[in-house]
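Novice: Mind looking at a prediction? Sequence and model below.
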Amino acid sequence: MRLICKRVIIRDLSFKDFDDYYEYAVRDTIGPMAGWKPIPNEEVGRRVFSSMILQKDVFAIELIENHKMIGTISIYNYGIRKYKYVKQLGFSLNDQYWNKGIMTEVVLNVIDYIFHKTDCEVIEVGHHSDNFASKRVIEKCGFLYDGRLCKYKELYDGRIIDADFYSMTKEDYERKVKYEQGIKTKIWF
């Protein structure tokens, strides 16, 4: 996949992205919000990063202005729903780029790609209940709240967390796009 957006390119991960990945994956502000332990050293980081490349469902978020990889977005071919036309999103972003609207831009473009280039009928996304930054991105992108799974999973540090889940159907997306286009072309008398 290769999507060129306003400020970023969403593309396949490459081994040349490792240094940019490692820069933020070691921080305790990134992984714990998504449920993964900060990368403890470069050797472990290389193993984790290699497995992400091999999975082929994790994509780089690259800034157009300087070609720096600042995060990832994953498109998994499964979700909590037991239905074959479901994809689930996951994302992480270098905290130096938080609160700039970048992840919202990325997710909106990936939603459009999924509904126009795949046979997906439902996109799911979730966040740990205390991850308010992800919640904000998800809601800004138009996902509808499905509910909370209490005691969803045990994290690497032994904490048991709840998770909130959201979804968007292809029909909901098409209605939203049609509505937004109508607003942009509305002629007032």
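Specialist: That came through, no problem.
Novice: Show me the strands in the chain, by range?
Specialist: In order along the chain, the chain carries the following strands (DSSP state E): 2-4, 8-12, 58-63, 69-76, 86-93, 122-128, 144-154, 160-169.
Novice: Could you list every helix and strand in contact with the fifth one?
Specialist: When contacts are defined as 3 or more Cβ pairs under 8 Å, 6 or more residues apart in numbering; DSSP states H and E, strand 86-93 packs onto helix 31-34, strand 69-76, helix 102-117, strand 122-128. To be clear about C-beta, it is placed using only N, CA and C from the backbone, and glycine gets the same treatment.
Novice: for it, the distance to its chain's centre please.
Specialist: With Cα atoms, centre = their mean, to the nearest Å as the basis, strand 86-93 stands 4 Å off its chain's centre.
Novice: what pairs with that strand, and is each one parallel or antiparallel?
Specialist: strand 69-76 (antiparallel), strand 122-128 (parallel) (DSSP bridges).
Novice: What average pLDDT does the shortest one get?
Specialist: The one in question is strand 122-128. The average pLDDT within strand 122-128 is 97.
Novice: can you check the longest one too?
Specialist: Here the mean pLDDT over strand 69-76 is 97, rounded to a whole number.
Novice: can you check stretch 154-162 too?
Specialist: For stretch 154-162, the mean pLDDT works out to 91.
Novice: List the buried residues in that stretch.
Specialist: If you call a residue buried by 16 or more other Cβ atoms under 10 Å, then stretch 154-162 has these buried ones: I161.
Novice: and if you look at stretch 98-105?
Specialist: I102, M103, E105.
Novice: got the contact list for the first one?
Specialist: Contacts were defined as Cβ atoms under 8 Å, 6 or more residues apart in numbering; by that measure I102 touches R7, V8, I61, I70, G71, L93.
Novice: Please repeat the previous calculation with a cut-off of 7 Å.
Specialist: Shown in contact with I102 (Cβ atoms under 7 Å, 6 or more residues apart in numbering): R7, V8, L93.
Novice: Good, we can wrap up now.
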